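1. Here is a sequence with its predicted model. Questions after.
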Amino acid sequence: MLRRRALAACTATVAVGALALAGLTGSASADPAPQLRTPTVTWTGQLSPGLLKAMQRDLGLTADEARGRIDHETRAAAVAAGLRHSLGADFAGARLSGGDAALIVATTDAGDAARIREAGARPVIVEHGQDELDAAKAALDQVALRKAPAGVPVWYVDLATNRVVVQAARISAADRFLADAGVSRGVVTVRQSAERPRTFADLRGGDAYYMNGSGRCSIGFPVKRGSSQSGFVSAGHCGTPGVSTSGYNQQAQGSFQGSTFPGRDYSWVATNTGWTPRALVNGYGNGDVTVTGSTEALEGSSVCRSGSTTGWHCGTVQQRNTSVTYQEGTVSGVTRTNVCAEPGDSGGSFISGSQAQGVTSGGSGNCSQGGTTYFQPVNPALQAYGLTLVTSGTPTDPPTDPPTEPGGTWAAGTTYAAGDVVTYGSDSYRCLQTHQAQPGWTPPNVPALWQRV
């Protein structure tokens, strides 16, 4: 078994440079960018390769441009801090703006403009100081701490407009919120919004979870039971029904609903509404992998495993329908692989291409010297508990005009075993390979999975 029990920095100096940031995308301001008047700025840490790669991908920068942007932003923050101190109550906020990432500093006193320009920033004269705006938002926060305002999902200080912005489903809801807080509409802009924020605690294959706060395993694959209950499958030896779980972030997650071990080694955990199932497996720095189905890979096929101790490792399927004896007893029907694993990886995802294969059971060896690992195939676990694998084709909302099916017993989301017979329209089909049916995988369309009889 591979269940686990509970549980440098370098210094870089930034030289003074121009305010304009060469290489940023977008149109530059018509005014030439002034020079930041700031002493040498020093920070502790280093830019990780992952951060640079993400900035290149999402901001359209080269690696050098990304480093330059961090340099520029660090210096701009130092200038803004100095001006906030020197301007006092007149200070109305600082921000970067435009394609040249110009430092904009707002003030309530036009007499401060020269001082702001001298520091290398662009002055903007506004009505409300930042202290006034912050005080208004703080009053709203105090009301929300006592009781979350109905119909008001978001509020914030918007430096660009020099206002407190309150987003609300209805104007009347915002008015009640402001009245309860004693905040004047004179500093507030109300915007109607249908936004419904939620936390982003996703269920993802390979991520860690904890059992009763004492042991750690890994998520196999997110699943659904019925139309509303979310959860995930994992190894049976990780927990018994009733055992509570917390997520990788130590937040309450759910509890085990079913578990089989020994004999087989699978379980399923039902999660609360704070966790959203995703058709993903954690690639641990290699990019998340999308799950599109659960068609069994042939022996000799490549297979990769994701787990919370050793991350992402790959190998090949050696033998299916293997029996292995652990200290706790014998488990049958597992698949033997030459993929390595270590304690804490238990329950984690085995995937071939985009097809879910199973959950990590146990093995021998480690990821330093190599070893043998067994996984419990996922389809028997889905069948045992009446679960549906979450895939990239799993609908989150019903279609407005669902396609008309010709009728029969075949249904997307159902796990079929080799030999099962279904009807589709007026014809009957025999399942050739165990799989979970996906939308569009109708028997006439996938002869590799179904044979007409």
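-> Yep, that arrived.
2. And the pLDDT for Leu19?
-> pLDDT for Leu19: 31.
3. hang on, I meant Gln438
-> 64.
4. Low-confidence stretches in this structure?
-> Residues of the chain meeting the criterion pLDDT under 70: 2-48, 50-51, 54, 196-200, 393-405, 413, 436, 438-440, 446-448.
5. Where is the longest strand in it?
-> Taking DSSP state E as the criterion, the chain has its longest strand at strand 311-326.
6. how about the very next helix or strand once past that one as PDB, C-alpha atoms only?
-> Toward the C-terminal end, the helix or strand that comes next after strand 311-326 (DSSP states H and E) is strand 329-337. Taking Å, rounded to 0.1, in the frame of the first residue of the first chain, the C-alpha atoms of strand 329-337 are listed here in PDB:
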ATOM      1  CA  GLY A 329      -4.800  -9.500   2.600                       C
ATOM      2  CA  THR A 330      -5.100 -10.300  -1.100                       C
ATOM      3  CA  VAL A 331      -6.400  -8.000  -3.800                       C
ATOM      4  CA  SER A 332      -7.400  -9.400  -7.100                       C
ATOM      5  CA  GLY A 333      -8.100  -7.900 -10.500                       C
ATOM      6  CA  VAL A 334      -5.400  -5.200 -10.300                       C
ATOM      7  CA  THR A 335      -3.100  -4.300 -13.200                       C
ATOM      8  CA  ARG A 336       0.700  -4.600 -12.800                       C
ATOM      9  CA  THR A 337       2.900  -1.900 -14.200                       C
END
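7. for the stretch 301-450 of the chain, what spans make up the helices?
-> 378-385 (DSSP state H, counting those that start in this stretch).
8. For the longest helix that the chain contains, buried residues please.
-> In the chain, taking DSSP state H as the definition, the longest helix is helix 63-87. Within helix 63-87, the residues scored as buried using 16 or more other C-beta atoms under 10 Å are 65-66, 68-72, 75-80, 83-84, 87. C-betas here are computed from N, CA, C, even on glycine.
9. Break down the stretch 101-250 of the chain into its strands, ranges please.
-> 102-107, 122-125, 154-158, 163-168, 188-192, 201-205, 208-211, 215-218, 221-225, 229-234, 244-247 (DSSP state E, counting those that start in this stretch).
10. To Pro380, which of the ones you listed lies closest?
-> Pro380 lies closest to strand 229-234 among the strands of the stretch 101-250 of the chain, at 10.2 Å (C-beta to C-beta).
11. Packing partners of the closest one?
-> Helices and strands touching strand 229-234, by 3 or more C-beta pairs under 8 Å, 6 or more residues apart in numbering; DSSP states H and E, are strand 201-205, strand 221-225, strand 266-271, strand 275-281, helix 378-385.
12. after the longest helix of the chain comes which helix or strand?
-> Counting by DSSP H and E, what follows helix 63-87 is strand 91-97.
13. Give me the angle between that following strand and helix 63-87.
-> Angle, strand 91-97 to helix 63-87, by axes from the mean of the first three to the mean of the last three C-alpha atoms, to 10 degrees: 170 degrees.
14. Show me what strand 91-97 pairs with in its sheet, parallel or antiparallel.
-> Looking at strand 91-97 with DSSP bridges, its partner strands are strand 102-107 (antiparallel).
15. will you turn the strands of the stretch 101-250 of the chain into JSON lines that also has mean neighbour count and distance to Gln376?
-> Output for the strands of the stretch 101-250 of the chain, formatted as JSON lines (neighbours: other C-beta atoms under 10 Å; distance: least, C-beta to C-beta, whole Å):
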{"stretch": "strand 102-107", "mean neighbour count": "24", "distance to Gln376": "57"}
{"stretch": "strand 122-125", "mean neighbour count": "18", "distance to Gln376": "62"}
{"stretch": "strand 154-158", "mean neighbour count": "17", "distance to Gln376": "44"}
{"stretch": "strand 163-168", "mean neighbour count": "22", "distance to Gln376": "46"}
{"stretch": "strand 188-192", "mean neighbour count": "16", "distance to Gln376": "50"}
{"stretch": "strand 201-205", "mean neighbour count": "22", "distance to Gln376": "14"}
{"stretch": "strand 208-211", "mean neighbour count": "22", "distance to Gln376": "17"}
{"stretch": "strand 215-218", "mean neighbour count": "27", "distance to Gln376": "13"}
{"stretch": "strand 221-225", "mean neighbour count": "24", "distance to Gln376": "11"}
{"stretch": "strand 229-234", "mean neighbour count": "26", "distance to Gln376": "9"}
{"stretch": "strand 244-247", "mean neighbour count": "19", "distance to Gln376": "18"}
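16. quick one: Asn379 from Ala279, how far?
-> 16 Å (C-beta to C-beta, to the nearest Å).
17. any chance of the helices and strands packed on strand 229-234 in a markdown table, with distance to Ala92 too?
-> Output for these, formatted as a markdown table (distance: least, C-beta to C-beta, whole Å):
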| stretch | distance to Ala92 |
| --- | --- |
| strand 201-205 | 36 |
| strand 221-225 | 46 |
| strand 266-271 | 45 |
| strand 275-281 | 39 |
| helix 378-385 | 57 |
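18. and of the ones you listed, who's closest to Gln56?
-> strand 275-281 (22.1 Å).
19. Contacts made by the helix or strand that comes right after that closest one with the rest, please.
-> Once the chain leaves strand 275-281, the next helix or strand it forms, by DSSP H and E, is strand 289-290. Contacts with strand 289-290, where a contact means C-beta atoms under 8 Å, 6 or more residues apart in numbering, come from 279-281, 283, 304, 306, 351, 354, 392.
20. which stretches of the stretch 351-453 of the chain form strands?
-> Taking DSSP E, counting those that start in this stretch as the test, the strands found in the stretch 351-453 of the chain are 355-366, 370-377, 388-389, 415-416, 421-424, 427-431, 435-436, 450-452.
21. possible to save the ones you listed as a markdown table with mean neighbour count?
-> Shown next, in a markdown table, are these (neighbours: other C-beta atoms under 10 Å):
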| stretch | mean neighbour count |
| --- | --- |
| strand 355-366 | 25 |
| strand 370-377 | 24 |
| strand 388-389 | 22 |
| strand 415-416 | 23 |
| strand 421-424 | 16 |
| strand 427-431 | 18 |
| strand 435-436 | 23 |
| strand 450-452 | 17 |
